[in-house]
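**Q** return atomic coordinates for the entry below.
(one chain, ligands or ions: 1)
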Amino acid sequence: MSAGRARLGPVLIAWRAASVAKRFDAGRALLGELVRELTGAVDVEIFRDCPRCGADDHGPPQVRGLPVAVSVSYAGEMVAVAAVRVVNAAAVGIDIEAHGSAHRVDELGPLFAPHPVPDLRGWTLVEAALKADRRGLNVDPSTVRLDRAATTILGEGFAVSRPDDADPVTAAAAPGPEGFVLSVAVRASCAAGSPAASAGAARPATR
Ligand SMILES: CC(C)(COP(=O)(O)OP(=O)(O)OC[C@H]1O[C@@H](n2cnc3c(N)ncnc32)[C@H](O)[C@@H]1OP(=O)(O)O)[C@@H](O)C(=O)NCCC(=O)NCCS
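**A** Now for the predicted structure:
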């Protein structure tokens, strides 16, 4: 499936196949679609502002002047994006990995040693959570704890605890393209967790 859509609670998700050379632009175009859908805005500008050094050529993507949080992830020739209104979540993270190829035990081993490396799902949940946290891999991923929770803003998922940050983060498996593992996480805002925000959890839809 080269393109698709899903929804997890208040989070809109989209993915599309694109060559490595074109996946950045493809992802920005998909983000534009989701933000327009959530806000009705015509002009959507996505920019980056690194929370560590202030540079605008890397770091978490943001939407200028609109109350929407966004995230993007790449795996080979696939790009996946997520967007949520900030009334429902202060930040969102998405991570996609290809089945088989990406579970690079050699690569991840040192990050988790002496603890065991999580499986591919676990790794995408951790990466999505650290994107929602906005510190990314500046947080030692071996210190991230996932506690299964039956009811979250994303439906069935995990409460994520990280060192030095009390803001609740929730992560969950998301529907995605065949052959890939996709996970999404949100950092809570004041209104997050309300019944209205939880409505419509885990509603996949593809095109
Ligand atoms: C974010 C991170 C976990 C992504 O890892 P990855 O699996 O290699 O890459 P993915 O394809 O899944 O995601 C890439 C996207 O992550 C996003 N991203 C980068 N840093 C981020 C952060 N701190 N928080 C949330 N999202 C971030 C960007 O949107 C990027 O895509 P874009 O550059 O096209 O906008 C990892 O690169 C990281 O931790 N980066 C931070 C490093 C850092 O702080 N550098 C600061 C230098 S001053």
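**Q** and the longest helix seen in the chain, is it in reach of the ligand?
**A** For the chain, the longest helix by residue count, based on DSSP state H, is helix 23-39. Yes: using C-beta under 6 Å from any ligand atom, helix 23-39 reaches the ligand at residue 24. Heads up, the C-betas are built off the backbone N, CA and C, glycines and all.
**Q** just the C-alpha atoms of that helix, please, in CSV.
**A** Below are the C-alpha coordinates for helix 23-39, written out as CSV (Å, rounded to 0.1, in the frame of the first residue of the first chain):
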residue,chain,number,x,y,z
ARG,A,23,10.5,11.9,0.9
PHE,A,24,11.2,15.1,2.8
ASP,A,25,8.9,17.1,0.4
ALA,A,26,6.4,14.3,0.4
GLY,A,27,6.2,14.3,4.2
ARG,A,28,5.8,18.1,4.3
ALA,A,29,3.0,17.9,1.7
LEU,A,30,1.3,15.2,3.9
LEU,A,31,1.7,17.4,7.0
GLY,A,32,0.1,20.3,5.1
GLU,A,33,-2.9,18.1,4.2
LEU,A,34,-3.4,17.0,7.8
VAL,A,35,-3.0,20.5,9.3
ARG,A,36,-5.5,21.9,6.7
GLU,A,37,-7.9,19.1,7.7
LEU,A,38,-7.6,19.9,11.4
THR,A,39,-7.7,23.7,11.1
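**Q** spatially central residue for this protein, please.
**A** Against the mean C-alpha coordinate of the chain, by C-alpha atoms, centre = their mean, the closest residue is residue 94 at 1.6 Å.
**Q** thank you kindly, that will do.
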